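Novice: sequence unavailable; structure follows:
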């Protein structure tokens with residue numbers, strides 16, 4: 001069919017159209033409910049098609065901020081979402097939606113369909129628990145962020161956990177709240193070399209003290 005032909009032509013994707021003179025297909029969506037997931041956001045945007053979602057989360061804690069960047073299949077769909085869905089309610093919350101062209105240096109669209117949120121563990125939910133997809137790996141990485149940890153964790157436990165994959169830990173730094181001094185349930189682990197760091201990163205989402213550990217690259 002003619003529409004099938006059109007889809008393949010990438011130059012049409014960013015074609016300027018009514019309501020979208022620059023042909024932008026990347027949108028910012030804010031004020032999202034914490035229970036949002038890939039499916040509910042797609043249904044909300046329909047008939048426009050979302051091809052990528054990046055849930056925006058706190059770098060240190062992994063907590064979902066209630067906002068996201070999304071890539072829409074084409075400029076017409078993006079125009080429709082901005083014009084007809086901005087201010088509309090999803091799970092009782094009026095969403096804020098606007099065009100958000102990628103800045104120079106942004107990796108967009110992301111390599112994975114779902115970037116944070118829980119890569120597919122429970123349907124790509126943003127604010128729940130589960131395995132979060134990792135950010136881009138820096139070169140010569142020797143340090144990892146670790147989160148969603150048990151409050152009973154200690155240095156020995158984490159060293160043993162990573163030694164399961166022959167990743168020898170050089171140093172551990174736990175993060176605490178500035179005011180109360182309470183442990184945040186996350187920290188940083190440094191390894192002796194990049195190889196160890198990569199092996200350790202493969203444990204993302206594995207159970208440690210009955211909780212799926214969240215691991216991400218950090219520099």
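Specialist: Thanks, I have the structure now. What you see is a predicted model, and the numbers here were worked out from it, not measured in a lab.
Novice: which stretches of the protein form strands?
Specialist: Under the criterion DSSP state E, strands of the chain are mapped to 26-30, 50-57, 64-72, 89-90, 93-94, 96-99, 143-147, 169-176, 183-191, 207-208, 211-212, 214-218.
Novice: quick one, grab the pLDDT at residue 103.
Specialist: Note on residue 103: pLDDT of 85.
Novice: separation between it and residue 69?
Specialist: 11 Å (Cβ to Cβ, to the nearest Å). The C-beta positions use only the backbone N, C-alpha and C, and glycine is treated the same way.
Novice: okay, the two: which has more neighbours?
Specialist: residue 69 (20 against 8; other Cβ atoms under 10 Å).
Novice: report the buried residues of the longest helix that the chain contains.
Specialist: In the chain, taking DSSP state H as the definition, the longest helix is helix 75-85. By 16 or more other Cβ atoms under 10 Å, the buried positions in helix 75-85 come out as 75, 76, 77, 78, 79, 80, 81, 82, 85.
Novice: contacts for that helix next, please.
Specialist: Residues outside helix 75-85 that contact it (Cβ atoms under 8 Å, 6 or more residues apart in numbering): 13-20, 23-27, 44-45, 47-49, 72, 95, 97-99.
Novice: ok now it, how far from the chain's centre?
Specialist: A distance of 23 Å separates the C-alpha centroid of helix 75-85 from that of its chain, computed with Cα atoms, centre = their mean, to the nearest Å.
Novice: quick one: that helix to strand 64-72, angle?
Specialist: Per axes from the mean of the first three to the mean of the last three Cα atoms, to 10 degrees, the angle that helix 75-85 makes with strand 64-72 is 140 degrees.
Novice: out of the strands of the chain, flag the one nearest residue 162.
Specialist: Closest to residue 162 of these, according to Cβ to Cβ: strand 169-176, at 5.5 Å.
Novice: what lies in contact with the closest one?
Specialist: Contacts for strand 169-176 (Cβ under 8 Å, 6+ apart): 60, 142, 153, 155, 158-159, 162-163, 182-184, 186-192.
Novice: please pick the buried ones from these.
Specialist: The neighbour-count test (16+ other Cβ under 10 Å) applied to the contacts of strand 169-176 identifies 142, 153, 158, 162, 183, 186, 187, 189, 191 as buried.
Novice: out of those, who's nearest residue 110?
Specialist: Taking Cβ to Cβ as the measure, residue 110 sits nearest to residue 186 out of the buried ones among the contacts of strand 169-176, at 22.6 Å.
Novice: enumerate every residue touching the closest one.
Specialist: By Cβ under 8 Å, 6+ apart, residue 186 lies in contact with 60, 61, 62, 145, 146, 147, 148, 149, 174, 175, 214.
Novice: top of these by neighbour count?
Specialist: Most neighbours among the contacts of residue 186, by other Cβ under 10 Å: residue 146, with 27 neighbours.
Novice: touching, that one and residue 215? I think so.
Specialist: Yes: between residue 146 and residue 215 there is a contact at 5.6 Å, judged by Cβ atoms under 8 Å.
Novice: without its sequence neighbours, what residue ends up closest to residue 215?
Specialist: Leaving out its chain neighbours, the residue that sits closest to residue 215 by Cβ to Cβ, 6 or more residues apart in numbering is residue 204, at 4.0 Å.
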